[in-house]
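> With the sequence up front, the predicted model follows.
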Amino acid sequence: MSATPQPSTEAGSPASGSEGAPASPAGLLQAGEPAPEFTLRRGDGSEFTRADLEGRTTVLVFYPFAFSPVCTDQLNLYNDVLGELEAQGATLYGVSCDATYSQTAFQEKLGVRIEQLSDFEPKGAACRAFGAYDPGGFAQRALVIVGPDGIVKWSFQAASPGDLPGANLIFDGLGGG
Amino acid sequence: MIEYADFECPYCASLCARLSGVKLRHAFRHFPVRSSHPRAWAAACAAEAAALQGRFWEMHDLLFADEGRLEDPHLWERARTLALDLKRFDADRHSEEVRARVRRDFESGVRAGVVTTPTVFAAGRMYAGRLGLEDLRAFGG
């Protein structure tokens, strides 16, 4: 029990940001780029825009589909370390192209605290703005950390929608190790 | 090998059964994702409470042997089977010390990139999800 295991390279590698790995074909925003103008919908139907990013560190968790297996595991896992992430000053949001009602049902089913933001109409517009929209009609599995200044601090795109990025990547992206 | 697992995960139970015939040094770390497996955390604490009476692996085996029965009475039944001091077992499994131990394992897994169970670190690699017998033999010798 004394060894400290390290993830293998098969576990995925950062696709953007300071790590310098290849960017996604859609061009996920890179570290140092400003967050775009966008409009997402909260569960109550109100708008969530770029202005809501300012003044705090935000982690946007783009995921393909509510209720799908990997997205379920991903939100469950991140929810279990939400306290630690919040302790580092980060606020997490789940972002998908699902309707708000679907996202709310998904959140309630999982029992997670991570607030959901909908990119339903115009479909995928915010995901496109961040470079996280898949031509198949869903959000790519990607993580984007935006600093209090509205500048992307770090980003990561999974090699495929079936890959679940570990929460360690978020901690690394936040700079907390 | 270092294994991250939880006692409500069917694939972990399967791995436990497969490991019974493989010779290797095996370290077990708890990785209970509460929202997926709501009883896994309590089961992990039960195993650590049994460990304080020197019976971790026996409790580990009993938990994986019947994942459908992980409520309190089932945990007490296992403790009786192992002839544990039941009062101490019950106090220990709710203690801050035991909770902290389980939490420490979980956090170490998170920091190592564990996202699912079982996840095994062996021979310099990470194996996530279901492992075949050949995988086990490959790093078990």
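Sure, I can see it. Numbers count the residues shown, from 1 in each chain, chains lettered A, B, ... in the order given.

> what comes up buried for stretch B:51-63?
Residues of stretch B:51-63 classed as buried by neighbour count (16 or more other Cβ atoms under 10 Å in any protein chain shown): B:Ala51, B:Leu52, B:Gln53, B:Arg55, B:Glu58, B:Met59, B:His60, B:Leu62, B:Leu63. C-beta coordinates here come from the backbone N, C-alpha and C atoms, glycine included.

> Would you mind giving these as a markdown table with distance to chain A, pLDDT and secondary structure added?
As requested, the buried residues of stretch B:51-63 are exported to a markdown table (distance: Cβ to the nearest Cβ, whole Å; pLDDT from 0 to 100; DSSP: H, G, I helix; E, B strand; the rest coil):
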| residue | distance to chain A | pLDDT | secondary structure |
| --- | --- | --- | --- |
| B:Ala51 | 12 | 98 | helix |
| B:Leu52 | 16 | 98 | coil |
| B:Gln53 | 19 | 98 | coil |
| B:Arg55 | 17 | 98 | coil |
| B:Glu58 | 18 | 96 | helix |
| B:Met59 | 17 | 98 | helix |
| B:His60 | 14 | 97 | helix |
| B:Leu62 | 21 | 97 | helix |
| B:Leu63 | 19 | 97 | helix |
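
> so which strand or helix has the closest residue to chain A within chain B?
In chain B, the residue that lies nearest chain A is B:Gly113 (3.1 Å; Cβ to the nearest Cβ). Counting by DSSP states H and E, no helix or strand carries B:Gly113.

> Near it, how many other residues are there?
23 (other Cβ atoms under 10 Å in any protein chain shown).

> for the residue lying closest to B:His94 once chain neighbours are set aside, what are its contacts?
In space, and not counting its chain neighbours, B:His94 is closest to B:Cys45: 7.2 Å by Cβ to Cβ, 6 or more residues apart in numbering or on different chains. The neighbourhood of B:Cys45, defined by Cβ atoms under 8 Å, 6 or more residues apart in numbering or on different chains, consists of B:Arg93, B:His94, B:Val98, B:Arg99, B:Val102.

> Which of these lies at the shortest distance from A:Asn168?
Closest approach between the contacts of B:Cys45 and A:Asn168, by Cβ to Cβ: B:Val102, at 18.5 Å.

> what's in contact with the helix or strand that contains that closest one?
Following DSSP H and E, one finds B:Val102 within helix B:96-111. Residues outside helix B:96-111 that contact it (Cβ under 8 Å, 6+ apart) are A:4, A:77, A:80-81, A:84, A:166-168, A:171, A:177, B:4, B:29-32, B:41, B:44-45, B:48-49, B:52, B:92, B:119.

> filter these to the buried ones?
A:77, A:80-81, A:84, A:166-168, A:171, B:4, B:29-32, B:41, B:44-45, B:48-49, B:52, B:92, B:119.

> re the thing from before, Provide the backbone phi and psi angles at the residue nearest to B:His94.
The phi/psi pair for B:Cys45 (degrees, to the nearest 10) reads phi -70, psi -40.

> Okay then, goodbye and thanks.
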